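Q: quick one, fold the following:
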Amino acid sequence: MKKIIFISFLLSFACSSKDYVVAQEADKIFTIYLVRHSEKDYSSNNVSDLPLSKCGIKRSKNLSYILRDVNLNAIYSTNYTRTKNTALPTAEAKELNIKNYNANDLVGLSKLLISLREDALVVGHSNTTGVLAGLLIGEELGAFDLDIYDRIYQVVVHKNKSRLQLLHSGFLCDE
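A: Below you'll find the predicted structure:
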């Protein structure tokens, strides 16, 4: 009986130690979703920061619908109207603030995302989204065509190993 009590004591002590909590965090599975901003409104006078088109606004709302049951702890966007407005419906639905990131420092962003170990959505551009997904999985992925808006990169990280699923939204704009 003394052995059982002693083993029980050791297990309860081990389970309450800081090392155990750190080990749990290192084993945590987290997912990062990466998307390109939705369609731009090329008729806008603000050519340096094009807003979303009507289709882009609808696609952004659809993205929020797609992610409605997905746990997210953070949402990141570049500092452009089209990326922020792509993230906005999801941020509002999840009651999260949109955090800005520098598209010129994708290596730094990838390290930050991995170190934070949280479920996140990252909204970028055709020349950054695939590149960042590649950095997160340790492979070289490049930019994609300017007319592609339906890709959702899902990077799942567990025990410092990551895998990529390339998903496509079924959204079709009727305009």
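
Q: pLDDT weak spots in the chain?
A: Applying pLDDT under 70 to the chain flags residues 1-27.

Q: let me see the contact set for the spatially most central residue of it.
A: Nearest to the mean C-alpha position of the chain, by Cα atoms, centre = their mean, lies residue 121 at 2.6 Å. Contacts for residue 121 (Cβ atoms under 8 Å, 6 or more residues apart in numbering) come out as 32, 33, 34, 35, 67, 72, 74, 75, 76, 87, 90. All C-beta spots, glycine's among them, are computed from the backbone N, C-alpha and C.

Q: out of those residues, flag the one nearest to residue 137.
A: For these, the residue nearest residue 137 by Cβ to Cβ is residue 32; the value is 10.1 Å.

Q: that's a strand at that closest one, yeah?
A: Yes - Residue 32 sits within a strand when classified using DSSP: H, G, I helix; E, B strand; the rest coil.

Q: give the burial count for it, as a bare number.
A: Residue 32 has 26 neighbours, counted by other Cβ atoms under 10 Å.

Q: hang on, it packs against residue 122?
A: Yes - if you go by Cβ atoms under 8 Å, residue 32 and residue 122 touch, sitting 6.4 Å apart.

Q: what touches both of these two?
A: Common neighbours of residue 32 and residue 122 (Cβ under 8 Å, 6+ apart) are residue 113.

Q: got the buried residues for stretch 70-88?
A: Across stretch 70-88, burial judged by 16 or more other Cβ atoms under 10 Å covers 72, 74-78, 80-88.

Q: that concludes my questions; thank you for your assistance.
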